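S.K.: Could you look at this predicted model? Sequence included:
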Amino acid sequence: MKCAPIVLVSLILALPSVNAAINIVFDYGTTSAADIATYGSTFSAAETFWESQLTGYRDTGLNAPTQILINVDLGAIDGVGGTLGSAGPTYGNFGGSFVEATEGDMTFDTADLDTMVTADVFEAVIRHEIGHVLGFGTLWGLNGVYTNGTGQYTGTAALAAFQIEFDQPDATYIPVELDGGDGTANGHWNMGVYLGASEALDSRDDPGDTVVYTSVNNGFSLDDELMTGFLTGDFLSNTTLQSFYDIGYEVALDIMGSPVPEPATCALLMAIGSGFVVLRRKRRIL
């Protein structure tokens, strides 16, 4: 297809409406040079993962963030085998139609680093924590897709994807974990198992406990998804990807799970062990 000529004035006027790509930047703070040399490539791989899945912002131009600064800390949390990491946004952009993260913190327990590396799960843990900084489970309330204590995520795009991906055409919500206490409850997809903690809805089960949702795309269980609160698997569901669309990101797949078509060239000129191990989110400060 032949593009009509674009005059310079038109291009300049269009630039403020461009959907900026997301740009994750790590600040390693007091992390030693030796640790950066050892783990830096794993952090970079996790960054690349999210920057390839989230392709921009639904807010445009000056209403969209220019970067997400993540402060990385390798430090003590609770010793071997407990919480592997925690994360959350600390500053956000309120200038557009969505609340987006502009800065956040991630902490990884040094007592578990060797175990995570040996088990080849450290990148998955970093991906998980970056997800919380980006807003998964931490910016749901501010973007109107979840009310704490309900166990029911109702964002339109993710719910539509869940209905298709996990063969739940009549679902009116995606079940959210209420087990695990502060930092786990209300910030992850629910696992279909009772985890032994006090829960908000009743004395025993989350909505969806004892139910196993299986992806029609690949046969993986939602229990083993990247954004559950306990490390049992690391696959990224389209349901999770669309939840980021609900809170203001452009994403790489449409609701059906198909790649989002690239804009035509003309448009581009105008745009751009055993048991569970805990993965926690931090309380947000925005």
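M.R.: Ah, there it is.
S.K.: all helices for the stretch 1-150 of the chain, in order.
M.R.: Ranges of helices within the stretch 1-150 of the chain are 8-14, 33-53, 113-118, 122-134, based on DSSP state H, counting those that start in this stretch.
S.K.: which residue ranges form the helices in the stretch 151-286 of the chain?
M.R.: For the stretch 151-286 of the chain, applying DSSP H, counting those that start in this stretch gives helices covering 156-165, 238-246, 265-270.
S.K.: for those, which one sits closest to residue 148?
M.R.: Taking C-beta to C-beta, helix 238-246 is the member of the helices of the stretch 151-286 of the chain nearest to residue 148, at 16.0 Å. Yep, even glycine has a C-beta here, placed from its N, CA and C like the rest.
S.K.: got the contact list for the closest one?
M.R.: Applying C-beta atoms under 8 Å, 6 or more residues apart in numbering, the contact partners of helix 238-246 are 53-54, 58, 131, 134-136, 143, 145, 153, 155-158, 160-162, 164-166, 174, 189, 217, 222, 225-227, 251-253, 255, 257.
S.K.: buried ones in stretch 146-158?
M.R.: Neighbour counts using 16 or more other C-beta atoms under 10 Å place 146, 151, 152, 153, 154, 155, 157, 158 of stretch 146-158 among the buried residues.
S.K.: nope, stretch 31-50 is what I meant
M.R.: Using 16+ other C-beta under 10 Å as the test for burial, stretch 31-50 gives 31, 39, 42, 43, 46, 47, 49, 50.
S.K.: which residues touch the last one?
M.R.: To tie it back to what came earlier, the one meant is residue 50. By C-beta under 8 Å, 6+ apart, residue 50 lies in contact with 22, 24, 127, 130, 131, 134.
S.K.: Quick one: the strands in the protein, in order.
M.R.: Assigned strands in the chain, in chain order: 24-27, 54-57, 68-75, 83-93, 100-109, 152-153, 174-175, 249-251, 278-281 (criterion: DSSP state E).
S.K.: what's the nearest residue to residue 222 if we skip its chain neighbours?
M.R.: In this structure, residue 222 finds its nearest non-sequential neighbour in residue 213, 4.1 Å apart by C-beta to C-beta, 6 or more residues apart in numbering.
S.K.: ok, residue 179 to residue 27 distance?
M.R.: Residue 179 is 33 Å from residue 27, where distance means C-beta to C-beta, to the nearest Å.
S.K.: So the two - more neighbours on which side?
M.R.: Using other C-beta atoms under 10 Å as the criterion, residue 179 and residue 27 rank with residue 179 on top: 24 against 12.
S.K.: Am I right that that one is in contact with residue 229?
M.R.: Yes. Counting by C-beta atoms under 8 Å, residue 179 touches residue 229, with 7.5 Å between them.
S.K.: tell me, what's touching these two both at once?
M.R.: 185, 191.
S.K.: Provide a PyMOL selection command restricted to the buried entries of the contacts of helix 238-246.
M.R.: To isolate the buried subset of the contacts of helix 238-246 in PyMOL, counting by 16+ other C-beta under 10 Å, use the following:
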select buried, resi 53+54+58+131+134+135+136+143+145+153+155+157+158+160+161+162+164+165+166+174+189+222+225+226+227+251+253+255+257
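S.K.: sorry, back to before: for the helices of the stretch 1-150 of the chain, please prepare a markdown table with the additional fields mean pLDDT and distance to residue 98.
M.R.: Supplementary listing: the helices of the stretch 1-150 of the chain in a markdown table, determined by pLDDT from 0 to 100; distance: least, C-beta to C-beta, whole Å:
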| stretch | mean pLDDT | distance to residue 98 |
| --- | --- | --- |
| helix 8-14 | 32 | 21 |
| helix 33-53 | 95 | 17 |
| helix 113-118 | 90 | 32 |
| helix 122-134 | 95 | 12 |
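S.K.: Any chance of those helices in TSV with distance to residue 99 as columns?
M.R.: Formatted as TSV, the helices of the stretch 1-150 of the chain follow (distance: least, C-beta to C-beta, whole Å):
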stretch	distance to residue 99
helix 8-14	26
helix 33-53	18
helix 113-118	31
helix 122-134	12
